[in-house]
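[1] Using only what follows, build the 3D model:
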Amino acid sequence: MPMPRSFPPSAVPAALPHVRGSHALHWLACLGLGSLLSLAQAAPDPTPVTHTLSELVARARGFDAQWQAQQADARATASRAEQARAGLLPSVGLQAGVSEQHSKTNIAPGTTSQPLRNFQLSAQQPLYRPANKIAYEQGQRSLDAAQAQLAGGEQTLLVRVAQAYFDVLGAQDSLAVVRAQKQAIAEQLASAQRNFELGTATITDAREAQARFDLSLAQEIAASNELEVKRLALEQIVGSAGVRPRPLAAPLTLAPLAPADAQSWVDLALAHQPQLHQAQVALDIARMETRKAEAGHKPTVDLQAGAGMNRYPEGSITPPVPVPYTGRAASVGVVMNLPLFAGFAVQNRIQETLALEDKARAQLDEARRSVEQNTRTAFLGVQSGQAQVTALEAALASSQSALEANQRGYQVGVRINIDVLNAQSQLYQTRRDLALARYALLMGQLRLRQATGQLSDADLSAIDALTEQRIAQGPDSSNKRSGSSFLNK
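    Predicted coordinates:
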């Protein structure tokens, strides 16, 4: 590991001797740290490998425990649906036994024992069982509900990964803004020290700048910790360490929302939302359950067949057969069962299923209202986010102009140091808010697509198109990215 280089005395500001006590040591340490950071930034380090949102979602599909559990639940539902098919298929059974018969009569003294070997093969084919047929139909409908639930779970996974992705980018931008602000405050602190030495400013300016610098150090520590926490959250979802999300390109142009009316998005949600489809399937299954309960009054018809064999190795006792023999029998026929009275169990079961049907219908209405509300909320969130980004872009330009004006005013003596510090704070705060607002807008667009049930990998590819491309650019190429195709689907 190379040793840190030393700095000549000329690199230390002339105003340093006027900073007394711990402030001098603190300024020297900060100056040395800033110089080391500048040297590290100037070193020709290789460009770090970054990951697109689509790449991280692909990793999450193979690692995320919540998604794996949802897939396993869908497979279990498919198996339960196939179990209902058994009520329509024949059943076959084989029975075998070995027994010893003991008898005692008054004719012959003592006890007589005779062994018995028996085998029986039986089969049954349902011919008319309406309840079994309805149970099979319910199983098939439950497959539709499982597929809808899995589709909703996949869209939730995309949103979770995207949220963690943008959280890391937002934390990175926040840390970068804090460090840039700290550097600007350090320069203002040095300027205040020089002006104090020249007698054109008071020690108050230097102390104000020192207080802001100390505050920026605390903010940097908090922002660095927040970045590590967000990275850990993303790594936990994708199952990989050292994940580096690819930042957005600069400058960035986001397309307006299309269609521009909320009702169009609501109509899409009512037609494609998996949550609503699940509620509709639940109502269909509840109606089938009522039909199945009503089938309790109906007869059942089965085709039954059987074949058996009884083997007496030493003869039988009743009727007395002194020699070994084997008896065989076979049968085939149709059996009908007609329930007559079951203690009002069927009637009460029908009342129960009717109540459950009303419950499923109410839950469907609630799901429909929830989907509509969530869609309108997401739509308004995107609209608000677009307006906020536009306002913050204008505020950023105004804050930059205000800072430059305050710096010029400070140089000619019509502004004081605190004015410059406040203008710097406002500029960097606006810059951070703008970055976070852009991420929030992109997340809002994804959530709007999720609310309509149409979020897919194509939306992730649209996000990837807005990120920086780590490739060589030609002289006429531009890094500007447009989101024109993101929501115009």
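[2] Next, the contact list for K298, please.
    P130 (Cβ atoms under 8 Å, 6 or more residues apart in numbering). Backbone N, C-alpha and C define where each C-beta goes, glycine included.
[3] how far away is it from E352?
    According to Cβ to Cβ, to the nearest Å, K298 and E352 sit 18 Å apart.
[4] So for the chain, the centremost residue is which one?
    L157 (2.8 Å; Cα atoms, centre = their mean).
[5] My guess is that one contacts R59. True?
    No - shown here, L157 and R59 do not form a contact pair, counting by Cβ atoms under 8 Å, at 11.2 Å.
[6] With adjacent residues omitted, what lies nearest to the residue nearest to the centre of the chain?
    W67 (4.9 Å; Cβ to Cβ, 6 or more residues apart in numbering).
[7] ok, now L436?
    Nearest one to L436, counting by Cβ to Cβ, 6+ apart, is G170 at 5.1 Å.
[8] pLDDT weak spots in the stretch 351-489 of the chain?
    Per-residue confidence for the stretch 351-489 of the chain (pLDDT under 70) gives these ranges: 469-489.
[9] Helices along that one, start to end?
    Under the criterion DSSP state H, counting those that start in this stretch, helices of the stretch 351-489 of the chain are mapped to 417-451, 457-464.
[10] Highest mean neighbour count out of these?
    Most buried of these, by mean neighbour count (mean count of other Cβ atoms under 10 Å): helix 417-451, with a mean of 21.
[11] Mind giving me the packing neighbours of that helix?
    Other helices and strands packing on helix 417-451, by 3 or more Cβ pairs under 8 Å, 6 or more residues apart in numbering; DSSP states H and E, are helix 130-198, helix 203-238, helix 262-272, helix 345-412, helix 457-464.
[12] Those helices: which one's closest to R117?
    Judged by Cβ to Cβ, the one of the helices and strands packed on helix 417-451 that comes nearest to R117 is helix 130-198, at 35.7 Å.
[13] Would you pull up how far the closest one lies from the middle of the chain?
    Mean C-alpha position of helix 130-198 versus that of the full chain (Cα atoms, centre = their mean, to the nearest Å) differs by 10 Å.
[14] can you check stretch 273-289 too?
    23 Å.
[15] For the closest residue to P259 other than its chain neighbours, give me its contacts.
    Excluding the flanking residues, the one nearest P259 by Cβ to Cβ, 6+ apart is W265, at 7.1 Å. Contacts for W265 (Cβ under 8 Å, 6+ apart) come out as P259, T375, R376, A378, F379, L448, A451, T452.
[16] Swap in 10 Å and give it another go.
    By Cβ atoms under 10 Å, 6 or more residues apart in numbering, the contact set of W265 is 257, 259, 372, 375-376, 378-379, 382, 448-449, 451-452, 454, 487.
[17] Let me have those residues in JSON lines, extended by distance to L364.
    Output for the contacts of W265, formatted as JSON lines (distance: Cβ to Cβ, whole Å):
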{"residue": "L257", "distance to L364": "29"}
{"residue": "P259", "distance to L364": "26"}
{"residue": "E372", "distance to L364": "13"}
{"residue": "T375", "distance to L364": "17"}
{"residue": "R376", "distance to L364": "19"}
{"residue": "A378", "distance to L364": "21"}
{"residue": "F379", "distance to L364": "23"}
{"residue": "V382", "distance to L364": "27"}
{"residue": "L448", "distance to L364": "23"}
{"residue": "R449", "distance to L364": "23"}
{"residue": "A451", "distance to L364": "18"}
{"residue": "T452", "distance to L364": "18"}
{"residue": "Q454", "distance to L364": "21"}
{"residue": "L487", "distance to L364": "28"}
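[18] Can you flag the buried ones in those residues?
    Neighbour counting with 16 or more other Cβ atoms under 10 Å marks 257, 372, 375-376, 378-379, 382, 448-449, 451-452, 454, 487 as buried within the contacts of W265.
[19] doesn't Q273 make contact with A148?
    Yes - between A148 and Q273 a contact is recorded at 8.9 Å, counting by Cβ atoms under 10 Å.
[20] what ranges do the helices span in the stretch 1-150 of the chain?
    22-42, 53-61, 65-83, 130-198.
[21] Turn those into JSON lines, including mean pLDDT and distance to Q278.
    Formatted as JSON lines, those follow (pLDDT from 0 to 100; distance: least, Cβ to Cβ, whole Å):
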{"stretch": "helix 22-42", "mean pLDDT": "41", "distance to Q278": "53"}
{"stretch": "helix 53-61", "mean pLDDT": "94", "distance to Q278": "21"}
{"stretch": "helix 65-83", "mean pLDDT": "92", "distance to Q278": "12"}
{"stretch": "helix 130-198", "mean pLDDT": "92", "distance to Q278": "5"}
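[22] Would you format those as CSV with distance to A458 included?
    Shown next, in CSV, are the helices of the stretch 1-150 of the chain (distance: least, Cβ to Cβ, whole Å):
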stretch, distance to A458
helix 22-42, 38
helix 53-61, 10
helix 65-83, 19
helix 130-198, 11
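[23] ok, how many other residues are close to S384?
    The tally of other residues near S384 (other Cβ atoms under 10 Å) stands at 14.
[24] Revised request: answer the last question for H102.
    9.
[25] out of everything not next to it in sequence, what's closest to it?
    S113 is the one closest to H102 (Cβ to Cβ, 6+ apart), at 5.2 Å.
[26] Cool, thanks, talk later.
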